[in-house]
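Enquirer: quick one, fold the following:
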Amino acid sequence: MTNSNNSEPKSIEQIRDDIDNVDSAILRLLAERQAHSRRMAREKGRSDVPSRDQNREEDLIADRIAGGLDHDLDAGLVSRLWREIVNDSVRVQQDVLGRTQGGPDTVTAAIQGIEGSYSQLAAHQFFESKGIDVTYATSKTFSEAVSSVHEGSADVAVLPIENTTSGAISEVYDLLLDSGLHFVGEVRFRVRHRLLGLAAASIPNLRKIYCHPQAVAQCSEFLATLDDCEVVYFSDTALSGKRIGELNDPTVGAIASEDTARLYGLQVLKTGIADREENYTRFVVVGPKPIEVPPGVAAKTSLVMAVGNHPGALMDALGVFREADINLIMLESRPIPHNPREELFYVDFEGDLADVGVKQVLESLTRQVRFLKVLGSYPSRDLRPKPAAARSGSVEPVGRGQLVDPSPSTDNPKGYKLGSRGHKPNNTVVEVLGARFGGDDLVMIAGPCAVESWDQIMTTAKAVAEAGASVLRGGCFKPRTSPYSFQGLGFEGLDMLAEAGKTYGLPVVTEVVSPSDVDQIARKADILQVGTRNMQNFSLLSAVGRTHRPVLLKRGMSSSLDELLQAAEYILAEGNQQVILCERGIRTFETSTRNTLDLSAVPVLRSRTHLPIVVDPSHAAGKRDLVAPLALGAQAVGAHGVMVEIHPDPETALSDGPQSLRFDQFEALMAALGIPPRLSGGAG
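Expert: Numbering: from 1, shown residues only. Okay, the predicted model is just below:
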């Protein structure tokens, strides 16, 4: 180092050189200090010691201030400088401690793009900070990267989720919603866009620029200054740079990173081309299993929710965080895939799933929202660690409101919690395009047992709408007792049903029988029905629980009410809070009817659960002349809805003709129930 006592005069340039040498020494020492911090973190991890000791930090800073005074340094400067150094040390230790106990020393990360892409650079930054060696599984699309994790060819995927300039990356949000992967980390990567070209290239002579759509959005102001230059979209920034190297055309440029220029022998034609100098992209690291955040490490939790369709629904949900004194970090809305009329809300907040306050928030949210899915808790360098006390203690019992005729099982539900009155005293209202299950008015669901033809379903839909019913039913996939019975038209029938519903302004409900069909059926059906034979098909229950569609769950023909509520719990536990229970008759020794309709189930269920209850007298009776009196009985005992089968010509019906009402019988039933006809007939 330069001797500050040297009295020999120096030029300004020489003094600047001396300052540069001192700065270089400071940087080397800071890097050395970080290395010590990483070693300290590993030792703390082995000894189960928190990453932060605030008493020691204050003592250390006081000691450094005293040492600074010995060198005539300003105490304020030393205090600010060392607090930043200490905070950096804490962040470094949290990064190391954030690795799962016994975690791997090497990982394979799936990325969209090739080497030199921003995804690869972000992944390198994330894992390098943790001392983990990383190899890359490159993919052309985000979907392929996610599939690599599902297939086991990659341990995690690193995906961009939002940018400070262009906002949320919608494709990734939609992909992660249904991926089944868990957030296990995040990294904020500073994006430095460069205009790249061949050695002989110049900006005025460029006629094409290859770049990713996100780069176009982030460099729009610069691109607007170029004349006669076509922008060509590429799936990856680094790939666009690689491509112009292969073309060997000086009139073609690319927007990519400086690393891309170095990798593929290109020159940087211009720097600083982004609309904003501070251009950061947030990447999330997702894996097949959730991680446990070590105590003392600052954490963030991400979730997605859908709120009710009434004034103040979002405020009610966000108020849960305020009441728990939990800091919200991000709120992003996205249309629900295949249902653009409704919104999903992505939320990031401070804390992790081990915190007592977070547990209370999640429990409260299930009472407020229609859908809730926790994406994961993970370490965050942006936050201060919570005190250890935040993780201790137990969740306070949820308060209960007054119930009408509560049953003893309300206090100790057998195998179910989320569906119990103890969890949510007030009735859940499931609203589907104006039909409100659980509200004050009786909801009528009507339609054929099976969709048989275009004319049949359109004629029936018209009759359903004009009579004043709220929902059109129709079976497209028919699980029949005999393999020789009509099995339904499948997806062809679903298209017919959906079109009939749209024509006459009715939401549609149809049965889903296979977990693999759930997503495809949910794109067309407004309500998914799980039939009596599948009430305990737990993989199917979990699959419909991961969707955003309401689920009509029928009681098994030999199932108890506790078993029905436990089956509903599978759906609720996956995040879907829109469950409608259906009593459709149970098997007894009585043979006068197809099944025995258990009308007593309605008041019993109303005392035990907040979920709405529908009664299906058609399948219980098996005879059309018994349907109307049983439907009136269902209304009398407090059912929220009734579901009946009707057909334009029951004698020719391919499924359940004897129990299907004729149109005039259906109109008479609607009048008896006090449901008025639609004022204007025809398509709505």
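
Enquirer: strands along the stretch 401-550 of the chain, start to end?
Expert: Per DSSP state E, counting those that start in this stretch, the stretch 401-550 of the chain carries strands over the ranges 430-432, 435-437, 443-447, 471-473, 508-511, 527-530.

Enquirer: okay, now the unreliable bits of the stretch 151-300 of the chain?
Expert: Applying pLDDT under 70 to the stretch 151-300 of the chain flags no residue at all.

Enquirer: can you show me the CA trace of stretch 590-600 as PDB?
Expert: Output in PDB follows, covering the C-alpha atoms of stretch 590-600 (Å, rounded to 0.1, in the frame of the first residue of the first chain):
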ATOM      1  CA  GLU A 590     -85.700 -51.600   1.000                       C
ATOM      2  CA  THR A 591     -86.400 -52.600  -2.600                       C
ATOM      3  CA  SER A 592     -89.400 -50.400  -3.400                       C
ATOM      4  CA  THR A 593     -87.100 -47.600  -4.700                       C
ATOM      5  CA  ARG A 594     -83.800 -47.600  -6.500                       C
ATOM      6  CA  ASN A 595     -82.100 -46.200  -3.300                       C
ATOM      7  CA  THR A 596     -83.400 -44.800   0.000                       C
ATOM      8  CA  LEU A 597     -83.300 -41.000   0.000                       C
ATOM      9  CA  ASP A 598     -81.800 -40.000   3.400                       C
ATOM     10  CA  LEU A 599     -83.500 -36.600   3.900                       C
ATOM     11  CA  SER A 600     -82.300 -36.600   7.500                       C
END
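
Enquirer: what pLDDT, on average, does that stretch get?
Expert: Taken as a whole, stretch 590-600 has a mean pLDDT of 93.

Enquirer: save the strands of the stretch 401-550 of the chain as TSV, and put in mean neighbour count and distance to residue 27 too.
Expert: Just so you know, the C-beta spots here come from the backbone N, C-alpha and C atoms, and that holds for glycine as well. Formatted as TSV, the strands of the stretch 401-550 of the chain follow (neighbours: other Cβ atoms under 10 Å; distance: least, Cβ to Cβ, whole Å):
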stretch	mean neighbour count	distance to residue 27
strand 430-432	21	60
strand 435-437	23	65
strand 443-447	27	69
strand 471-473	27	68
strand 508-511	26	65
strand 527-530	25	59
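
Enquirer: how about these in TSV, adding mean pLDDT and distance to residue 223?
Expert: TSV is the format used below for these (pLDDT from 0 to 100; distance: least, Cβ to Cβ, whole Å):
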stretch	mean pLDDT	distance to residue 223
strand 430-432	93	45
strand 435-437	94	49
strand 443-447	97	54
strand 471-473	97	50
strand 508-511	97	46
strand 527-530	97	46
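
Enquirer: could you save the ones you listed as a markdown table and add columns showing distance to residue 537?
Expert: Formatted as a markdown table, the strands of the stretch 401-550 of the chain follow (distance: least, Cβ to Cβ, whole Å):
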| stretch | distance to residue 537 |
| --- | --- |
| strand 430-432 | 21 |
| strand 435-437 | 22 |
| strand 443-447 | 22 |
| strand 471-473 | 20 |
| strand 508-511 | 12 |
| strand 527-530 | 7 |
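
Enquirer: residues in contact with residue 368?
Expert: 307, 308, 313, 316, 317, 320 (Cβ atoms under 8 Å, 6 or more residues apart in numbering).

Enquirer: quick check: phi and psi on the third one?
Expert: The phi/psi pair for residue 313 (degrees, to the nearest 10) reads phi -60, psi -40.

Enquirer: and it, how many neighbours?
Expert: 15 (other Cβ atoms under 10 Å).

Enquirer: I'd like the distance between it and residue 370.
Expert: Remark: distance between residue 313 and residue 370 (Cβ to Cβ, to the nearest Å) = 9 Å.

Enquirer: overlap in contacts, the two.
Expert: With Cβ under 8 Å, 6+ apart as the test, residue 313 and residue 370 both reach residue 307.

Enquirer: chain center to stretch 158-174, what's the gap?
Expert: 14 Å (Cα atoms, centre = their mean, to the nearest Å).

Enquirer: who's in contact with it?
Expert: Residues contacting stretch 158-174 (Cβ under 8 Å, 6+ apart): 109-112, 118-119, 122-123, 126, 142, 145-146, 175-176, 187, 191, 214, 217-218, 274-276, 278-286, 332, 334, 337, 346.

Enquirer: ok, stretch 453-467 next?
Expert: With Cβ under 8 Å, 6+ apart as the test, stretch 453-467 has contacts from 446-448, 451, 472, 474, 493, 496-497, 500-501, 503-506, 646-648, 663, 666-667, 670, 675, 677-678, 681-684.

Enquirer: now, these that are in helices?
Expert: Mapping the contacts of stretch 453-467 onto helices (DSSP state H) picks out 493, 496, 497, 500, 501, 503, 663, 666, 667, 670.

Enquirer: buried subset of the residues you listed, written for ChimeraX?
Expert: Per 16 or more other Cβ atoms under 10 Å, the buried members of those correspond to this ChimeraX selection:
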select :493,496,497,500,501,503,663,666,667,670
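
Enquirer: can I get the ones in helices among the contacts of stretch 453-467 in TSV including distance to residue 84 and pLDDT?
Expert: As requested, those are exported to TSV (distance: Cβ to Cβ, whole Å; pLDDT from 0 to 100):
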residue	distance to residue 84	pLDDT
493	66	95
496	66	96
497	63	97
500	66	96
501	61	96
503	65	95
663	78	96
666	75	97
667	77	96
670	73	96
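
Enquirer: which of the ones in helices among the contacts of stretch 453-467 sits closest to residue 516?
Expert: Taking Cβ to Cβ as the measure, residue 493 is the one of the ones in helices among the contacts of stretch 453-467 closest to residue 516, at 17.6 Å.

Enquirer: check contacts around that closest one.
Expert: So residue 493 contacts 450, 451, 452, 457, 474, 475, 476 (Cβ under 8 Å, 6+ apart).

Enquirer: state the distance from it to residue 657.
Expert: Distance of residue 493 to residue 657, given as Cβ to Cβ: 17 Å.

Enquirer: what's the answer for residue 626, then?
Expert: Relative to residue 657, and taking Cβ to Cβ, residue 626 is found at 15 Å.

Enquirer: okay, now stretch 145-164: how far is its last residue from its first?
Expert: Using Cα to Cα, to the nearest Å, the span of stretch 145-164 from its first residue to its last is 23 Å.

Enquirer: how far off centre is that stretch?
Expert: Here stretch 145-164 is found 15 Å from its chain centre; the criterion is Cα atoms, centre = their mean.

Enquirer: can you list the buried residues in that stretch?
Expert: Under 16+ other Cβ under 10 Å, the buried positions of stretch 145-164 are 145-149, 154-164.

Enquirer: do the same with stretch 623-637
Expert: 624, 626, 627, 628, 630, 631, 633, 634, 635, 637.
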